[in-house]
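**Q** take this sequence and fold it.
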Amino acid sequence: MLPAAIQITGELLSAAEVQDICDSLKEDGLRLLSVRGCQLSDRDFGHVCRGVAESHSLAQLNLNLGVVSGLSRTRHLADALKTNRSLQTLFLHGSPLMDAGLVTLNMALSSHPTLVCLDLGDCMLGDDALGLICGMLPPDGAKSGLRELTLSANPGISSKAWARLAIAVAHSSQLRVLNLDYNSLGDRIAGMLAVAVASSRTLEVLDLEGTGLTNQSAQVFLDMVENYPTCLKVLLLGENDISLELQQQICDLLSEGEEDDNRESTPTQRDAASSCALSAIKDKYQPPSWQTHSTTFRKLM
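**A** Residues are numbered from 1 along each chain as shown. The predicted structure follows:
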């Protein structure tokens with residue numbers, strides 16, 4: 001029997017429900033665990049983390065919307081990640097981690113052998129945290145790093161730190177999806193990101209919605225996709241002061257490039273690319289298709 005999934009949203013978890021989760025984890029009966037926005041005691045959270053540490057089947061863990069609510073829970077999670085060897089995707093969106101929390105998690109995240117997708121959106125991060133995150137995007141030729149990174153809505157990060165991220169993205173050997181929406185980037189950082197995109201041999205999806213951009217940024221991206229080869233397939237520029245005409249021109253050029261790639265690629269390569277692009281547009285916080293296609297779902301009652 002294939003491993004199952006537990007998905008619960010916004011509920012107060014009873015001791016019996018937590019025990020069921022822990023038993024499933026320890027028996028390698030879970031591939032996906034999502035307790036998004038749920039309430040549970042610190043003691044029960046520690047029990048769940050110990051189950052995560054012992055699991056050999058868990059591929060995705062969703063703790064979005066404040067489940068990791070303090071430094072004590074962050075330490076429990078870090079300890080679990082140091083032992084776990086199966087996790088591919090970790091969602092912590094909306095957790096008040098701050099820089100201290102990233103410092104606590106950094107070693108476990110950086111050294112995890114299979115983690116490829118990380119959501120740290122709306123985690124109250126600052127420059128120190130972003131410096132650590134850059135270390136999770138190793139230079140080309142180094143060890144494998146993140147393929148998908150979400151840093152949405154972290155307004156405490158300065159332009160200097162965003163520039164450092166742009167450099168890391170340019171040299172990353174793995175990153176395919178980068179979500180930076182709802183941060184105060186502005187045209188200067190967008191220009192740096194355009195250079196990073198042009199340098200990257202892997203980045204396919206870039207989300208810059210609501211990041212304070214103008215037509216100046218759009219013109220830079222338009223020039224890039226029109227005149228230089230790039231792997232980029234999806235560029236999201238909504239909720240910026242950018243004309244719809246410019247957005248459409250960029251979209252059309254990216255679509256033309258993807259059609260050319262599709263003609264040259266195998267069906268398997270085309271499916272993978274389409275899946276990646278759709279994931280970013282439809283729901284960037286949902287798991288990639290390769291992680292859930294064989295999962296059966298159930299919900300605790």
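**Q** the stretch 151-300 of the chain: helices as residue ranges?
**A** 159-171, 186-199, 215-227, 244-264, 267-282 (DSSP state H, counting those that start in this stretch).
**Q** can you give me the strands for this protein?
**A** For the chain, strands defined by DSSP state E occupy the ranges 4-7, 30-34, 60-62, 89-91, 117-119, 148-150, 177-179, 205-207, 234-236, 296-298.
**Q** tell me the mean pLDDT over the second one?
**A** Averaged across strand 30-34, the pLDDT comes to 96.
**Q** what of stretch 51-65?
**A** Averaging pLDDT along stretch 51-65 gives 97.
**Q** centre of the chain to it, how far?
**A** 15 Å (C-alpha atoms, centre = their mean, to the nearest Å).
**Q** stretch 219-227 now?
**A** The gap between where stretch 219-227 is centred and where its chain is centred comes out at 26 Å by C-alpha atoms, centre = their mean.
**Q** equivalent analysis for stretch 234-252, please.
**A** Taking mean C-alpha positions (C-alpha atoms, centre = their mean), stretch 234-252 and its chain are 22 Å apart.
**Q** that one: which residues count as buried?
**A** In terms of neighbour count (16 or more other C-beta atoms under 10 Å), stretch 234-252 has its buried residues at 234-237, 240, 242, 246-247, 249-250. Quick note: C-beta positions are derived from backbone N, CA and C, even for glycine.
**Q** other residues contacting it?
**A** 181, 204-215, 217-219, 221-222, 225, 254, 277, 280-281 (C-beta atoms under 8 Å, 6 or more residues apart in numbering).
**Q** same thing with stretch 64-77?
**A** Here stretch 64-77 makes contact (C-beta under 8 Å, 6+ apart) with 10, 34-38, 40, 42, 45-46, 49, 52, 63, 91-97, 100-101, 104-105, 108, 119, 285.
**Q** how far does it stretch from start to finish?
**A** From its first residue to its last, stretch 64-77 covers 13 Å (C-alpha to C-alpha, to the nearest Å).
**Q** same question, stretch 146-162
**A** Using C-alpha to C-alpha, first and last residues of stretch 146-162 are 17 Å apart.
**Q** list the buried residues in that stretch.
**A** By 16+ other C-beta under 10 Å, the buried positions in stretch 146-162 come out as 146-154, 156-157, 161-162.
**Q** got it, and stretch 69-84?
**A** Buried residues in stretch 69-84, defined by neighbour count with 16+ other C-beta under 10 Å: 69, 73-74, 76-81, 84.
**Q** is it possible to get TSV of the residues you listed that adds distance to I133?
**A** Below are the buried residues of stretch 69-84 laid out as TSV (distance: C-beta to C-beta, whole Å):
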residue	distance to I133
S69	21
R73	20
T74	15
H76	21
L77	16
A78	15
D79	20
A80	20
L81	15
N84	20
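**Q** just the residues you listed now: which is nearest V197?
**A** L81 (30.0 Å; C-beta to C-beta).
**Q** mind pulling up the pLDDT for the closest one?
**A** At L81, the model reports a pLDDT of 97.
**Q** if we can go back for a sec, out of the contacts of stretch 64-77, which are buried?
**A** For those, buried by 16+ other C-beta under 10 Å: 34-38, 40, 45-46, 49, 52, 63, 91-95, 97, 101, 104-105, 108, 119.
**Q** and the two most separated of the buried residues of stretch 146-162?
**A** The distance between the two most remote of the buried residues of stretch 146-162 (C-beta to C-beta) is 25.4 Å, for R147 and G156.
**Q** sorry, back to before: what would the buried residues of stretch 234-252 look like in a markdown table with distance to S14?
**A** Output for these, formatted as a markdown table (distance: C-beta to C-beta, whole Å):
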| residue | distance to S14 |
| --- | --- |
| V234 | 41 |
| L235 | 45 |
| L236 | 40 |
| L237 | 45 |
| N240 | 45 |
| I242 | 49 |
| L246 | 53 |
| Q247 | 48 |
| Q249 | 54 |
| I250 | 50 |
